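>>> pasting the sequence and the predicted coordinates here, then a few questions.
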Amino acid sequence: MPESAMFFTIPTILTWTRIVAIPLIVGVFYLGMEASLQNLIATVMFVVFALTDWLDGYLARKLNQTSSFGAFLDPVADKFLDFPSLL
């Protein structure tokens, strides 16, 4: 696979989605809702975005779209998603 194509595979896009999700999850806590509702919404969002971790790995192997870039970015995206969720 050409190097330029590795940025636009479905698994890589799912990985980038986890990175983009970070400000969305953090933003939930600035909406001014009741704390329990904020926690519920942030938890559901975290679970949905965390499921993309499994899905991108599955699709990368199933569609034979693994790459060095994806192998690097996947754990980075996981750490980026986990950190604000623990605050």
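Thanks, I have it.
>>> tell me which other helices or strands the strand or helix carrying Gly27 touches.
Using DSSP states H and E, Gly27 sits in helix 10-28. Contacts defined by 3 or more C-beta pairs under 8 Å, 6 or more residues apart in numbering; DSSP states H and E place helix 10-28 against helix 35-62, helix 68-86. Glycine gets a C-beta too; all of them are placed from N, C-alpha and C.
>>> give me the below-cutoff pLDDT ranges for this protein.
By pLDDT under 70, the weakly predicted segments of the chain are 1-6, 87.
>>> relative to Ala35, how far out is the residue positioned nearest the centre of it?
Geometric centre of the chain, nearest residue: Arg18, 1.7 Å, by C-alpha atoms, centre = their mean. Remark: distance between Arg18 and Ala35 (C-beta to C-beta, to the nearest Å) = 25 Å.
>>> now Leu51
25 Å.
>>> who's more crowded, the two?
Remark: of Leu51 and Ala35, Leu51 carries more neighbours, 11 against 8, as counted by other C-beta atoms under 10 Å.
>>> quick one: that one and Thr12, what's the gap?
16 Å.
>>> what sits against the nearest residue to the residue nearest to the centre of the chain once chain neighbours are set aside?
Spatial nearest neighbour of Arg18, chain neighbours left out: Ala77 (4.2 Å); criterion: C-beta to C-beta, 6 or more residues apart in numbering. Ala77 is in contact with Thr15, Trp16, Arg18, Ile19, Asp53, counting by C-beta atoms under 8 Å, 6 or more residues apart in numbering.
>>> ok so, going back, just the buried positions in the helix holding Gly27, please.
Within helix 10-28, the residues scored as buried using 16 or more other C-beta atoms under 10 Å are Pro11, Thr12, Leu14, Thr15, Thr17, Arg18, Ala21, Ile22, Ile25, Val28.
>>> same check on stretch 48-60?
By 16+ other C-beta under 10 Å, the buried positions in stretch 48-60 come out as Phe49, Ala50, Thr52, Asp53, Asp56, Gly57, Leu59, Ala60.
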